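Asks: predicted model and sequence below, questions to follow.
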Amino acid sequence: MRKSWFFGLVISFAIQFAQAGHLEYRDKITETRTCAATLTVLFDHTLHVQGLDNTIMRTAQTLGSDQWYGDLVSRFTAEGLTKDRAIEKAIGMWLQVQEVTKMVAVEDFIPNMISYLIQGRDLLRDAALTARPPELAGASLRQLASLGIDFSKRNPFGGGKKILVHSPEFIEPVLIEGGVIFVGPKNEKGKVLAFLLDPKNGFNNYAAGFEHIVYADDKLHHSESVLKEVLARFPELSVYAFRDGAADDQVKSYDRTIADFQWEEFQRSGNIISDEEALQRLNNPTISFLPPRDGLIVDADVFEAFSTGNGVSISRRNNVIIRRSLQVEIVIRQDFEKGVNELELSELQRMRTMPNSLVSFEMMMIISRRLQTEDPSGKKFFFGQSVPYDKPNRLVAGINVETLNWLSQHPELISHISLHRDDVTTTRLVRL
């Protein structure tokens, strides 16, 4: 984040260049580390257009970030999904987070800069152009409002009205709302903007006619698209396209492990934790637990072992901490299978979403049978192999904190969880 006072210096510098008729950036892509560079073009009859994610605003944490969404698409594609299906799946997860996440300005002077652009300038207009899908419009406008940003005041495309645009030139419909153009992940930004600028299409209400288009985006291909498509349709216009790298440091520091941990917590509790808390919980064995429901005993030394790290094994993949697990002895009830069959399906599905959950093989066979019967999605399980044990209704298994919390809330299935102190290991994993 840049200091707010820096904005005053940038404004002064930009005005000097603009008043001098500075055209160095005309009809080409310009790399910049600040969106304030767009202020070098403050001529009359200018339309300033900004991207949203990683240009104007970003999530306060890794989860929900634009780079997290991109990583999801790459991962799902690598798993064998088509690109369209991978995008749909990633969008579904991304939407869940965007509905509730806190946003911050990429540079802290941006809200003031956007207000400055239109203040007292009757011959200048502004808009936002985003690859976000139309269904995210409501959340996006709330996010912008939380930062004091409003693109509806001087927008040439319907002002603050809500307009759904259909065209054979688009792969999917485009939404204009609150001065923001929601292009969606499949359309090209340049083609959409050029279409809307064309007076014959009826969406551009700036009667005087634009002479200059300024566009800034964190992604080079979007800036290239706008430059190419607008000039192809309107060669008489001056186009100033910027590749804004203000968020590059956040993008480069993206950590999938943190994002995965935050997603797990979000799915479990509905809460979004900060990067700092995620790192602390990944690297610090101190863990909090839900109190067990009445009818189930969880020995104090189980909680102590998790909290102190004593007896907790740390599994690693590519030298990254995956999960802490603990060897415990679980006493299951005689009617365990009956209890499983009476559980809400959503409860078993929640257990299934716990990554690398370690529970005994016998228990999971019972749970698996019901899930495969009622929810034949084909998703695989990854669970711990129990150690053969000669005591009836007792199992030795490796569990992690999420699984312990889940089990502790189901006294109809489990009667007692104690620390297993014998010299046995349960590290072998089986795939069901």
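Replies: Happy to help now that I have it.
Asks: use CA for all of it now, contacts and neighbours both
Replies: OK.
Asks: shaky segments in this structure?
Replies: 1-23, 159-160, 284-290, 306-326, 348-393, 395-398, 400-402, 421-432 (pLDDT under 70).
Asks: give me the most central residue, it.
Replies: residue 64 (1.6 Å; CA atoms, centre = their mean).
Asks: that one contacts residue 94, doesn't it?
Replies: Yes - when contacts are counted by CA atoms under 8 Å, residue 64 is listed as touching residue 94 (5.8 Å).
Asks: wait, what's in contact with the residue nearest to the centre of the chain?
Replies: Residue 64 is in contact with 94, 97, 98, 101, counting by CA atoms under 8 Å, 6 or more residues apart in numbering.
Asks: equivalent analysis for residue 244, please.
Replies: Counted by CA under 8 Å, 6+ apart, residue 244 has contacts 31, 32, 33, 34, 35, 55, 216, 217, 218, 219.
Asks: widest-spaced pair of the contacts of residue 64?
Replies: Within these, 94 and 101 form the most distant pair, 10.3 Å apart (CA to CA).
Asks: and residue 203, how many neighbours?
Replies: Neighbours of residue 203 under the rule other CA atoms under 10 Å: 17.
Asks: list the contacts for it?
Replies: Taking CA under 8 Å, 6+ apart, we find residue 203 in contact with 156, 157, 158, 196, 197.
Asks: domain assignment for this structure?
Replies: Under the assignment automatic domain parsing, the domains of the chain span 5-60+102-252, 285-431.
Asks: how about stretch 142-160 as PDB, C-alpha atoms only?
Replies: Listed in PDB are the C-alpha atoms of stretch 142-160, where the atom choice follows Å, rounded to 0.1, in the frame of the first residue of the first chain:
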ATOM      1  CA  ARG A 142     -21.200  -3.400  -2.100                       C
ATOM      2  CA  GLN A 143     -17.400  -4.000  -2.000                       C
ATOM      3  CA  LEU A 144     -16.800  -0.800  -4.000                       C
ATOM      4  CA  ALA A 145     -19.100   1.100  -1.700                       C
ATOM      5  CA  SER A 146     -17.200  -0.100   1.300                       C
ATOM      6  CA  LEU A 147     -14.100   1.600  -0.200                       C
ATOM      7  CA  GLY A 148     -16.000   4.800  -1.000                       C
ATOM      8  CA  ILE A 149     -15.900   4.100  -4.800                       C
ATOM      9  CA  ASP A 150     -18.900   4.900  -7.100                       C
ATOM     10  CA  PHE A 151     -18.700   4.600 -10.900                       C
ATOM     11  CA  SER A 152     -22.300   5.500 -11.500                       C
ATOM     12  CA  LYS A 153     -22.000   9.300 -11.300                       C
ATOM     13  CA  ARG A 154     -20.300   9.900 -14.600                       C
ATOM     14  CA  ASN A 155     -20.700   6.700 -16.500                       C
ATOM     15  CA  PRO A 156     -21.600   6.900 -20.100                       C
ATOM     16  CA  PHE A 157     -23.200   3.500 -20.300                       C
ATOM     17  CA  GLY A 158     -26.600   4.000 -18.600                       C
ATOM     18  CA  GLY A 159     -25.400   5.800 -15.500                       C
ATOM     19  CA  GLY A 160     -26.500   3.800 -12.500                       C
END
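Asks: which residues are in contact with it?
Replies: Here stretch 142-160 makes contact (CA under 8 Å, 6+ apart) with 102-105, 111, 114-115, 118, 124-128, 176-180, 196, 203-206.
Asks: please redo it, this time with the cut-off set to 7 Å
Replies: Around stretch 142-160, the neighbours that count as contacts under CA atoms under 7 Å, 6 or more residues apart in numbering are 103, 111, 118, 125-128, 177-180, 203-206.
Asks: again with stretch 180-188
Replies: Here stretch 180-188 has contacts from 127-134, 151, 170-172, 174-176, 189, using CA under 7 Å, 6+ apart.
Asks: buried subset of those residues?
Replies: Buried subset of the contacts of stretch 180-188 (neighbour count, 16 or more other CA atoms under 10 Å): 127-134, 151, 170, 172, 174-176, 189.
Asks: looking at these, spot the one nearest residue 333.
Replies: Once CA to CA is applied, the member of the buried ones among the contacts of stretch 180-188 that ends up nearest residue 333 is residue 133, at 48.6 Å.
Asks: residue contacts, that closest one?
Replies: For residue 133, the contact set (CA under 7 Å, 6+ apart) comprises 182, 183, 184, 185.
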